[in-house]
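K.L.:
Okay, predicted coordinates and the sequence, questions at the end:
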Amino acid sequence: MTIAITAANGQLGRLVIQHLSTRVTNSDILALVRSPEKATDLGVAVKAADYSSDATTLQLALTGVDTLLLISGNELGQRVAQHRNVIDAAKLAGVRHLVYTSLLHADRSSLNLAPEHVETEQLIKASGLSYTILRNGWYAENYTGNLAPAIAHGALVGSAADGKLSLAPRADYAEAAAIVLANPAAHAERSYELAGDSAPTMAGIAQEISAQTGKTIPYHSLPEQEFAAILLQAGLPEVWANGIAGWDVEAAKGVLFDDSKQLSALLGRPTTPLSDYVRAALAAVGVV
């Protein structure tokens, strides 16, 4: 059995391989990456594969693969075409089962990310391949990935108001993917809504940061354009600054909330709590 992971050199891909290697032998894992020379430390076989390549080219990389994890691309506006290339290549190569990382409540989400995910899901279901859809919620790291500026300036900023955020760290989603990849037949033709067990607001996250650092770190919810301007000033490209600010506005309306606890059910344990992922985030910037 060969299990391939696309975008394997990315943050999620690396974590999936880490968790998958505890469930299958490394010789059963294939990492698909754009630049193989950057993935020599993964400890598994590596092949070059680019979402932008045509299906015939990608077919060569997927030959011999039984189960494929398609981690959604990050080039907004181009993802449907890129994902179609991978899906078509998987069919040509004889892949038996395809797992896709989609978006929480993609079919009813107001996030502008959702349509590309919905269209990709439709392509997968129409492909004839056995499949599992992992509708991942927001990674906790989207808000805690770099807390240094918040510590330095004494505040968290955003536009999420008091929206409930069912966050889980990236590693929890990666572990769930590994569980599915190791036994795809048990999850065939299923779609999972994956999110954290608890749903803090940004003010709640700020309170936890304050408690762990001993500093008062409030949360300031700003108008969308003001938050986007701050992100631009911090060096983010305009498309991402506007995107992040807009997603926060939608988060304020509850689009990142889910109380189904399907992620913890899949993991067989509670999702990582707020205190733990904040502690890890603070440690990453040398604060605690």
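P.N.:
That came through fine. Residues are numbered from 1 along each chain as shown.
K.L.:
On the three-state scheme, residue 131 is what?
P.N.:
Residue 131 falls in the strand class when you classify it by DSSP: H, G, I helix; E, B strand; the rest coil.
K.L.:
Please point out which parts of stretch 233-248 sit buried.
P.N.:
With burial defined by 16 or more other Cβ atoms under 10 Å, the residues of stretch 233-248 counted as buried are 236, 241-248. Any C-beta I mention is one placed from the backbone N, CA and C, and that applies to glycine too.
K.L.:
What is the nearest of those to residue 185?
P.N.:
If you rank the buried residues of stretch 233-248 by distance to residue 185 using Cβ to Cβ, residue 247 comes first, at 35.0 Å.
K.L.:
Assign the closest one to one of the three secondary structure states.
P.N.:
Under the three-state scheme (three-state DSSP), the conformation of residue 247 reads as helix.
K.L.:
can you list the buried residues of stretch 233-248 in TSV and add distance to residue 171 and pLDDT?
P.N.:
Listed next are the buried residues of stretch 233-248 as TSV, based on distance: Cβ to Cβ, whole Å; pLDDT from 0 to 100:
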residue	distance to residue 171	pLDDT
236	24	93
241	27	95
242	29	95
243	24	94
244	22	95
245	26	97
246	27	97
247	21	97
248	23	98
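K.L.:
Turn these into a markdown table, including distance to residue 211.
P.N.:
What follows is these, written out as a markdown table (distance: Cβ to Cβ, whole Å):
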| residue | distance to residue 211 |
| --- | --- |
| 236 | 29 |
| 241 | 30 |
| 242 | 33 |
| 243 | 31 |
| 244 | 26 |
| 245 | 27 |
| 246 | 30 |
| 247 | 26 |
| 248 | 23 |
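K.L.:
Closest one of those to residue 99?
P.N.:
Closest to residue 99, out of all of these and judged by Cβ to Cβ, is residue 247, at 24.2 Å.
K.L.:
The closest one contacts residue 111, correct?
P.N.:
Yes. With contact defined as Cβ atoms under 8 Å, residue 247 counts as touching residue 111 (5.9 Å).
K.L.:
so who does residue 207 touch?
P.N.:
The contact partners of residue 207, taken as Cβ atoms under 8 Å, 6 or more residues apart in numbering, number zero.
K.L.:
so how far is residue 219 from it?
P.N.:
With distances taken as Cβ to Cβ, to the nearest Å, residue 207 is found 8 Å from residue 219.
K.L.:
So, low pLDDT: which residues of this structure?
P.N.:
Counting by pLDDT under 70, the chain shows low-confidence ranges at 288.
K.L.:
mind giving me the domain split of it?
P.N.:
The record's domain parsing of the chain by automatic domain parsing lists 3-136, 137-168+195-258+269-288.
K.L.:
Please tabulate these in a markdown table, including the columns distance to residue 179.
P.N.:
Formatted as a markdown table, these follow (distance: least, Cβ to Cβ, whole Å):
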| stretch | distance to residue 179 |
| --- | --- |
| domain 3-136 | 7 |
| domain 137-168+195-258+269-288 | 11 |
